[in-house]
Structure formats: structure tokens, C-alpha cells
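Asker: pasting the sequence and the predicted model now:
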Amino acid sequence: MAEWSSYSLSDLLLFSLQAYIGLFQLLNTTLWPAHLFTLATGLAIGLLVLTRNVARYRLVWGLLGLSWLWTGWYFFSVQYTAINWAAAYVAPAFWLQGLLFCLFAAAPRCPDINYTGTAAGRTAMIVYLFALVGYPAASVALGRPLDSVEFIGISPDPGVVATLAILVLSRGGFTWLAWIVPLVWCALTGLTLWMLGSPEFFIAPLAGAVAVVAAVSGRRMSRLLRTG
Amino acid sequence: MPVNRRSVLKGSVAATVAGAAAGLMPARAMATPLARPITSTGEMLPLVGLGSWITFNVGNNQKLLDASSDVMAAFFDSGGRMIDSSPMYGSAQATIGYGLKKLGMPKALFSADKVWTSSAGNGASQIETSRGNWGVPGFDLVQVHNLVAWREHLELLQSMKAAGDIRYIGITTSHGRRHADLEDIIASQPVDFVQLTYNVEDREAEQRLLPLARERGVAVIVNRPFQRGYLVDRLSSSPLPDWVTETGASSWAQFLLKFVISHPAVTCAIPATSKVEHVRENMAAASGVLPDAALRKRMADYVGQL
């Protein structure tokens, strides 16, 4: 115990900011032009959540599930693990999250994704749009080289933020369970970037916090409306 | 005292004279960093080596791999020998292997790696994987990383040394951890090397470990001579004292390195860097004059006041 207390958080980092940015440069170079496909898919999911149709909800949960499974495999097990052996231990969390969403898609009582135009709903859609286009733009504005910015479906962070936005709109089933991994990841990625000295450290945790506030206020409002 | 060619020349002569008296010799004819003998064999090792923690963990990024091999090229050009790594350091071993292959496997290389697994049964296969990553026929030195399963691993390393698979064995710690255990190991185990943290601010090793290593004929590798760059960053806003330029130190990095390598028990310090100019600056610290005990005290006092 005494030995662990002698470590600072930065002692647990195995790589530099330069190597971390280099990871995304390599990722983007390797996967281009898949970015166009993932952005189009992300946009399609955004449009699907605006509709009220169980079949479409299933499609959204299914696409989200595949996205998390893909990220868990390719980003964590193949790419990130090259500079951070601990990534291999994070990958299963992404796989479990992906499987959970696949279960949502296949469940007889598929959880609703209910956009109502309330403040919470509008906030969720803003967060979702931010994940699609705002995230890469904010990174560039904060000094990240253009070829290393993170895109939905390619890198985990924008996908995690987009997932939280959809969870704000979701009801029923075990959707509460689906909040755990994304929120933990928001904290973890923020901590990593902060320790690396990146000015982007606040983006994912802030987006996560906004999603939580939107979800809590949205549920409180709907309870008030029901009881009132 | 101003630094001019005359004083540098005087310093070089003084270094040669003082070096001969202290067992310090130029490492080789072309580039001549000061060197000390590995006590168990008398083999000379330049006082400054190259660490790989964080800086060489660059994954598969080609640009960063090439930048790392440039650092290695500058290191060997400056007369460097020891490169140190560990299976814990992500892709650092593979980066070193890439650089060594690109540089045509420099003959000067002194390869130092570690075994880092809590499972005693996995030690041999881990060392073999590490060797493959480096692309070397065998390691010069294998150390037990952070005392993990040290009894079992030391036994393995001893048998590998006896079989001629490795030349030296050692054990490491860092950040001042488990010094009491390390002291017991130095006193009781037949290790050639011990690696520990020592710098102008972290000086606990001066009390017992460094004198004991010297007494037992154990070579000492020093990690974190800059506290992972923190010391250089902190001191850079303060003026480098004039009196230290007598030693040939012209930067805080050289000041800090000279303090470490001037301890008579220290065999090699292993700062890590990702920049060619920094590796040259580090290697240059192993030239000129090394501070004597009085100057070392003055250096420590000065940093303590800042």
C-alpha cells in the first residue's frame, strides 16, 4: 500500500502526448476513407433517433453495438495496445458495452429512444451533433494537428459522447446499465489527456457531465408532468 | 569563471589526470565520453547511457520510429553504449530493435533489458520475446524489474548467465521504493548491476545503497536523473551558476547529469530523450571535469535553495 502511494498519476503513463497524437495519425491514415462511412452512419443514426419507430430503435441500438465492438477490437486491441498495454484490459469493457447494445436491439421489449423536443431532448441532440462534427473541430481549435483529430466510429471519444447523447433520450429496459462504461471512459480519457498536458482534456468529461445533467433533469421533468 | 578555449583545454587535461586517478577513462578513441569499469569484469562503460521509458514508446508510427532511430544514431555517434529498456515500456523494445536494424546493429551497443512478470514460469519466455523485439543475439544485461518475483527471476538469470545466454545480471527499483529490500539483495545476492533512482533531489541512495554497492563491487545504473524532465523544467527559470561551468557543464541538464555521474559508485546514468540535440547534450555531460565532493555539495546546496 505504501509503495503504491509513492506513485503519482503521471508515473502510470507509459507514453508521451506526441506518441498519443501519433496513434491517431496512424489510425486516420490507415482507415481513411472509412471516416466518410462512419460520419454518414453517425448522421443516419441521428436522423433515426428523431423518428418514433421500434424497428428503427432496434437499428440504432444495433449500429451502436457494432460501433462499440469495432472500437473495442480495432482501436484498443490492435492500435492503442501498441503504446499502452493496459488498453488490452479496456477492450473487454467496450465489447461488453457493444454486446449490451446488441441485446437491446434484439430484446422483445426494445428500449425506446424518445426525442420529445424538451430541453433535455434538445441538449441531447446538440451533444450528438457535437460528437459528429464539433469534437474534431474543437480538437483542431485547441491545437491538435488536423491529421490526428478523432472521428466518430474511428476513435472512441466521439463515439462515447454520441452514445451518451442517445442514452439521454432512452427509456426502459436496462438502459441505466449502459451509462456506466461511457461515463467511466469519459473520466479516463479526460484524465489521460490532462496527464499528457493536452488542452483537450476537458471535452469528454464536460460532454459526459452535460449528458448526465440532461438525463436527470429530463427524467425529473417527465415525472413532474406525470404527477402534475 | 568565463569559459574559453584555454579553460576548456585545461579542463580536459585536468579531466584526464583526475579521471585516471578515479578509474575513469575515455570509452573509446573516436568519441570519448568518460567511462567507469563494470566492477565484476572491468569492462568499461560510458557514464551516460540511454533510457527508453516513455520516449521510445511510439507504437507503429513511422515518423516517430525514425525520429527514435535518429536519437540512437546520435547516441552511438557520441560514444554511447548502454541502452536500457523493459517489457513494461510498451513498444520501446521494438523501437530499439527498429533503430538497431536501421543503424546496422552498432558494435558498441550494450543491451540492457529487464524481466517483469509476477509469474516466475513466464520469465524465460518474456526475456526471449524481448530479445526478439531488440533483434539481438543475446542481452548483455538482464535485470529484475522493480524487484518483481525477484528470488525466482534471479535464479533464472543466474542460470542464463552460467549458460552464456546473458553476460550480466541485475535488479532494479525506482522512485526510492523498497530500498531496504534492495540493500539486502546487494548484500546477499551475486548481482553485477543494481539500478535505482538518484538525482540532486532524490539522494537517499547516498546513505546506504551507493556505499554498499561500491563495497560489494556492484555496478550502479541511475534512472530518473532529471526526475523525468521535471527537474530540468523547474530549474530552467533559474540561472546556471558560473562556478559550474568549470566542469564544462553549459546547461541544467548537464549540471544534473554531472552531479549524478560524479558519485564514485555510479557506473552509468540513463536519461531518456526523444530529441537528438538532447542526447548529444546528455552525452557531453560525460566529458570535461567531474565535480569533486566539495563541488557536489555546493551543487546540491544550490539546487536546494532554488
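Answerer: Sure, I can see it.

Asker: CA only for contacts and neighbour counts going forward, please
Answerer: OK.

Asker: wait, residue B:247 touches residue B:290, no?
Answerer: Yes - shown here, residue B:247 and residue B:290 form a contact pair, counting by CA atoms under 8 Å, at 6.1 Å.

Asker: so residue A:42 sits against residue A:132, correct?
Answerer: Yes - judged on CA under 8 Å, residue A:42 makes contact with residue A:132 at a distance of 6.8 Å.

Asker: returning to what we had before: residue B:247 and residue B:290: which is more packed in?
Answerer: Per other CA atoms under 10 Å in any protein chain shown, whichever of residue B:247 and residue B:290 has more neighbours is residue B:290, with 28 against 25.

Asker: does the more buried one count as helix, strand or coil?
Answerer: coil (DSSP: H, G, I helix; E, B strand; the rest coil).

Asker: find the nearest non-adjacent residue to it, please.
Answerer: residue B:262 (5.4 Å; CA to CA, 6 or more residues apart in numbering or on different chains).

Asker: what's the pLDDT at the one you found?
Answerer: On the pLDDT scale, residue B:262 is placed at 96.

Asker: what's the following helix or strand after the helix or strand of chain A with the lowest mean pLDDT?
Answerer: The helix or strand of chain A with the lowest confidence, counting by mean pLDDT, DSSP states H and E, is helix A:2-5 at a mean of 52. Where DSSP states H and E defines the elements, the next helix or strand beyond helix A:2-5 is helix A:17-31.

Asker: sorry, back to before: for the residue nearest to residue B:290, list the residues it contacts.
Answerer: Contacts for residue B:262 (CA atoms under 8 Å, 6 or more residues apart in numbering or on different chains) come out as B:290, B:291, B:292, B:296.

Asker: and the closest residue to chain A within the stretch 201-306 of chain B, how far from residue A:204?
Answerer: Evaluated by CA to the nearest CA, the stretch 201-306 of chain B has residue B:228 as its residue closest to chain A, separated by 9.2 Å. Distance of residue B:228 to residue A:204, computed by CA to CA, to the nearest Å: 28 Å.

Asker: pretty sure residue B:240 contacts residue B:252?
Answerer: Yes - between residue B:240 and residue B:252 a contact is recorded at 6.5 Å, counting by CA under 8 Å.

Asker: neighbour count for these two, which is higher?
Answerer: Using other CA under 10 Å as the criterion, residue B:240 and residue B:252 rank with residue B:252 on top: 21 against 16.

Asker: not counting sequence-adjacent ones, nearest residue to that one?
Answerer: That would be residue B:232: by CA to CA, 6+ apart, it lies 6.1 Å from residue B:252.

Asker: how many residues are close by residue B:52?
Answerer: Residues near residue B:52, counting by other CA under 10 Å: 24.

Asker: err, residue B:51, not the other one
Answerer: There are 23 residues near residue B:51, going by other CA under 10 Å.

Asker: quick check: bridge partners of it?
Answerer: Note on residue B:51: beta-bridge partners by DSSP bridges are residue B:272.

Asker: tell me if I'm right that residue A:200 and residue A:193 touch.
Answerer: Yes - using CA under 8 Å, residue A:200 is in contact with residue A:193, at 6.7 Å.

Asker: please name the nearest non-neighbouring residue to the most centrally placed residue in chain A.
Answerer: With distances taken as CA atoms, centre = their mean, residue A:160 lies nearest the centre of chain A, 0.3 Å away. Distances taken as CA to CA, 6+ apart place residue A:182 nearest to residue A:160, at 5.6 Å, with adjacent residues excluded.

Asker: if you count contacts, what does the strand or helix carrying that neighbour end up packed against?
Answerer: Using DSSP H and E, the element containing residue A:182 is helix A:180-196. Secondary-structure packing of helix A:180-196 (3 or more CA pairs under 8 Å, 6 or more residues apart in numbering or on different chains; DSSP states H and E): helix A:87-106, helix A:156-168, helix A:203-227.
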